[in-house]
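Colleague: okay, structure incoming, though there's no sequence with it:
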Ligand SMILES: Cc1cc2nc3c(=O)[nH]c(=O)nc-3n(C[C@H](O)[C@H](O)[C@H](O)COP(=O)(O)OP(=O)(O)OC[C@H]3O[C@@H](n4cnc5c(N)ncnc54)[C@H](O)[C@@H]3O)c2cc1C
């Protein structure tokens, strides 16, 4: 069922970065390419992004995330890349061996080049120092987005968003469209974290306030969230805000645990691309970076392709 045990290129992650790397490498002549994706579908985070705002640079057209993924997949499918979905990579070795588990069992393959295109993960409440209990109703914004857009589950109806990252702004609008009351987005910094266009389209257009320099001190509630306590750091005054749901949008962390766990630095046949390299605002740049890396691998000159 695995066609080979040694590949020219093994790509871990089937989001836009992984798809673009395979496309670039195939165009530059690499033949034996394996792409491993833990989910059943290719497309990565784009599959849960049903809002507009993707592709203006790459396709010169404004698409939703799902439309962008569908369009790019048509190009990718011409590459002849061997694709294994439902395949979770859990180990790398310095000898460029890749071990993954899938419904058929565990397999180890090796490659001349290994590309980590594993995206990023969200910072959680536990990574911040916010006091309180651990009631239900606390989610990262990206998880809430997956629940609403993919599984059709609305996580709550009375919402506060903590942090002004793009996913939080987009989810403030999404929850409003689902009939929830979004009371506010609270940001500890004195400036917005996300894109200004998202503040206008997701908060201002829906009358959702953004409170800057507002620090969340405590989450209250026993079984379910009942509210938060926050401080306006400009005035020093503290307030309670009742709600049943708290969404955190407080940053993204490149997902490189596979390399770190094996003590491997990028270089010597290991490469990192897309959000696993650094967090990109726009998918267009992720695609371009992936294609460039792929071409350079095909040309045997990592990072030197035009
Ligand atoms: C909510 C949100 C809104 C956005 N809005 C916009 C927008 O409006 N316009 C825009 O241009 N960009 C937007 N972006 C940014 C853009 O979508 C991302 O920068 C881009 O999708 C990142 O691509 P990636 O391939 O690096 O990561 P991802 O899309 O996250 O793909 C990584 C893939 O790797 C897989 N993976 C991870 N670990 C493993 C493993 N161990 N084994 C196997 N597979 C693994 C994951 O399942 C996933 O499919 C948005 C992003 C988010 C999260």
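Modeller: Perfect, thanks for sending it. Here the structure is a predicted model, which is why all the values come from computation and not from measurement.
Colleague: how about low-confidence regions in the stretch 1-150 of the chain?
Modeller: For the stretch 1-150 of the chain, the stretches with pLDDT under 70 are 1.
Colleague: how does it look with 90?
Modeller: Scanning the stretch 1-150 of the chain for pLDDT under 90 picks out 1-4, 123-135.
Colleague: and the stretch 201-306 of the chain, by the same measure?
Modeller: Those would be 281, 298-306, if you go by pLDDT under 90 across the stretch 201-306 of the chain.
Colleague: strands of that one, start to end?
Modeller: 210-211, 214-220, 227-232, 237-242, 245-248, 252-254, 270-272 (DSSP state E, counting those that start in this stretch).
Colleague: most tightly packed of those strands?
Modeller: A comparison of the strands of the stretch 201-306 of the chain by mean neighbour count, using mean count of other C-beta atoms under 10 Å, puts strand 245-248 on top with a mean of 26. The C-beta positions use only the backbone N, C-alpha and C, and glycine is treated the same way.
Colleague: ok, that strand: who's next to it in the sheet?
Modeller: Sheet pairing of strand 245-248 (DSSP bridges) gives strand 138-140 (parallel), strand 158-162 (parallel).
Colleague: A strand includes residue 168, no?
Modeller: No. Counting by DSSP: H, G, I helix; E, B strand; the rest coil, residue 168 is not part of a strand but helix.
Colleague: burial of the residue lying closest to it once chain neighbours are set aside, as a residue count?
Modeller: Distance criterion C-beta to C-beta, 6 or more residues apart in numbering; nearest residue to residue 168, sequence neighbours excluded, is residue 249 at 2.5 Å. Burial measure for residue 249: 27 neighbouring residues, criterion other C-beta atoms under 10 Å.
Colleague: so residue 249 touches residue 171, yeah?
Modeller: Yes. Residue 249 is within contact range of residue 171, at 7.1 Å (criterion: C-beta atoms under 8 Å).
Colleague: can you check which residues contact both of these two?
Modeller: Counting by C-beta atoms under 8 Å, 6 or more residues apart in numbering, the common neighbours of residue 249 and residue 171 are 141, 161.
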